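S.K.: How does the following fold in three dimensions:
(chains A and B)
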Amino acid sequence: MRDTDSRLIETLVGQLESVRPIKWRHGALLTLAALGATIFVVVLLMGRRDQLLIGEFSALFVITQGLLLVLGASAASAVVAMANPQVGASHDGPKWALATVALLPLTAIVTAVAQGAGPAYPAMEDLHCAAAGCAFSGLIAVTLFLWLRRGAPVLLEKAGFNLGVAAGSLGVFAHGLSCPLETMTHLGIWHVLPVVVTALLGRLVVPRLLRW
Amino acid sequence: MKADEQTLCRLMALAQKGDRQAYAALLAECMIWLRRYFRNRIAPAQLDDLVQEVLLSLHRKLASYDPAQPFLPWLAAIARYRWIDQLRRGYRLREVPVDDHGHSADDVEQEVASARISLERLFEQLPEGQARAIRLVKIDGQSVSEAARLCGQSESLVKVNIHRGLRRLSALVEKAG
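M.R.: From the prediction side, this is the model:
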């Protein structure tokens, strides 16, 4: 072994401190806690939707919330796993969940066209829901970002995109619990738009902040 | 000594608990492994720097190894990440002989290929034009104009191939063969 190699090893060994290995389940629990905190803040700020407690909600509401939750869970799971790099790992789960959620805006557009509806301008409630969905994605985004910073992600663009998708869909899911509007157009377009926005933001902004 | 996967896993788990002796042994083994891993996949003059950078990354990201997972695919992912970084940087040719630590090329190919984590497998995922442009300019140290002449392509196409090839490699860091 060369002198420089020995010196490097000596230096690194001298700096060694015990570390707590990063494990997937810790990241998953942390994300779950962030989702719980987000739901708490939503209820605190936006109020509780009482119909949920007495079972007054449409099937469409349940489907939309369910799809967003599955998408958020699969994307968050992939992001948490990306902190532990591994040749041979696959993070393709969110791709399929994303394709399924894409059916919501598609259905909204197709049904609107089939019913002969003309171009409609968004109502104040629509814009409010889209903005709130983006805002409530913040805590989950920060949690996942800090998790990735602790780890060693090697697919930065994919990590950023998945982080945006996870934060957006879980943020909209949390906000959805307080939203009383249940039309196809509202749920299909304005509850999905924030996911698109946060995914793009994640893909564009996060990789440069994650580089190590 | 050539440590096997199980030994490396054990050494790493001990190192994460602060065992300095195990860590020194692990780093020495990783250094040997990395030299073989990168051989012929990086300009000889850059090999030492790259190996040292990977070891520094390993040190900084020690916690990112999960002892429940195999060790070499983890090390290979970090090695690939740093390798692509190095390829992105400029190339300055200096003729420095490669120290092969007494391992034959066959040993390396067999061991690394069997682990499905080799750099060659990564290259195989690229279109031929992109792989060739990266090999000629970033590994063999040819100028862009020389590479363009050898490939029978324009200089701008060679540059585009390198740019696209490196982008694609970045997206394939965790891809197994």
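
S.K.: Might one say that A:Gly160 is in contact with A:Arg211?
M.R.: No: in this structure, A:Gly160 is not within contact of A:Arg211 by CB atoms under 8 Å, at 10.6 Å. Where you see a C-beta, it was placed from the backbone N, CA and C, and this is true even at glycine.

S.K.: A:Trp147 is in what secondary structure piece?
M.R.: Element membership of A:Trp147 [criterion: DSSP states H and E] is helix A:138-150.

S.K.: what's that helix packed up against?
M.R.: With contacts taken as 3 or more CB pairs under 8 Å, 6 or more residues apart in numbering or on different chains; DSSP states H and E, helix A:138-150 sits against helix A:24-46, helix A:59-82, helix A:156-176, helix A:193-210.

S.K.: Return the most buried member of those.
M.R.: Comparing the helices and strands packed on helix A:138-150 by mean neighbour count (mean count of other CB atoms under 10 Å in any protein chain shown), helix A:156-176 comes out on top with a mean of 28.

S.K.: Give the next helix or strand downstream of it.
M.R.: Helices and strands here follow DSSP H and E; after helix A:156-176, the next one along the chain is helix A:184-185.

S.K.: Let me see the mean pLDDT of that next one.
M.R.: Over the span of helix A:184-185, the pLDDT mean works out to 90.

S.K.: Close to chain B: what parts of chain A are there?
M.R.: Applying CB under 8 Å from any CB of the partner chain, one finds that chain A approaches chain B through A:1-2, A:4-5, A:8-10, A:12-13, A:15-24, A:83-91, A:150-152, A:154-158, A:212.

S.K.: Buried ones among these?
M.R.: Listed as buried from the residues of chain A next to chain B are A:5, A:8-9, A:12-13, A:16, A:21-23, A:83-89, A:91, A:151-152, A:154-158; burial here means 16 or more other CB atoms under 10 Å in any protein chain shown.

S.K.: any idea which helix or strand of the chain has the worst average confidence?
M.R.: You didn't pick a chain, so chain A it is. helix A:50-53 (a mean of 73; mean pLDDT, DSSP states H and E).

S.K.: nope, chain B please
M.R.: The element with the least model confidence among the helices and strands of chain B, by mean pLDDT, DSSP H and E, is helix B:105-114, at a mean of 50.

S.K.: After it, which helix or strand is next? Please name it.
M.R.: Beyond helix B:105-114 on the C-terminal side, the first helix or strand identified by DSSP H and E is helix B:119-124.

S.K.: how about that following helix: buried residues?
M.R.: In terms of neighbour count (16+ other CB under 10 Å), helix B:119-124 has its buried residues at B:119, B:121-123.

S.K.: how about low-confidence regions in chain B?
M.R.: Applying pLDDT under 70 to the predicted model, the residue ranges of chain B that meet it are B:1-3, B:90-116, B:177.

S.K.: go on, chain A?
M.R.: Within chain A, the set of residues satisfying pLDDT under 70 comprises A:118-120.

S.K.: please redo it, this time with the cut-off set to 90
M.R.: Judged against pLDDT under 90, the low-scoring parts of chain A cover residues A:1-6, A:46-58, A:88-93, A:111-126, A:179-182.

S.K.: any idea how far the residue sitting nearest the centre point of it lies from A:Leu12?
M.R.: Among the residues of chain A, the one closest to the centroid is A:Ala166, at 1.4 Å (CA atoms, centre = their mean). In this view, A:Ala166 and A:Leu12 are 34 Å apart by CB to CB, to the nearest Å.

S.K.: Ok, B:Gly165 next?
M.R.: B:Gly165 sits 32 Å away from A:Leu12 when distances are taken as CB to CB.

S.K.: Good, wrapping up.
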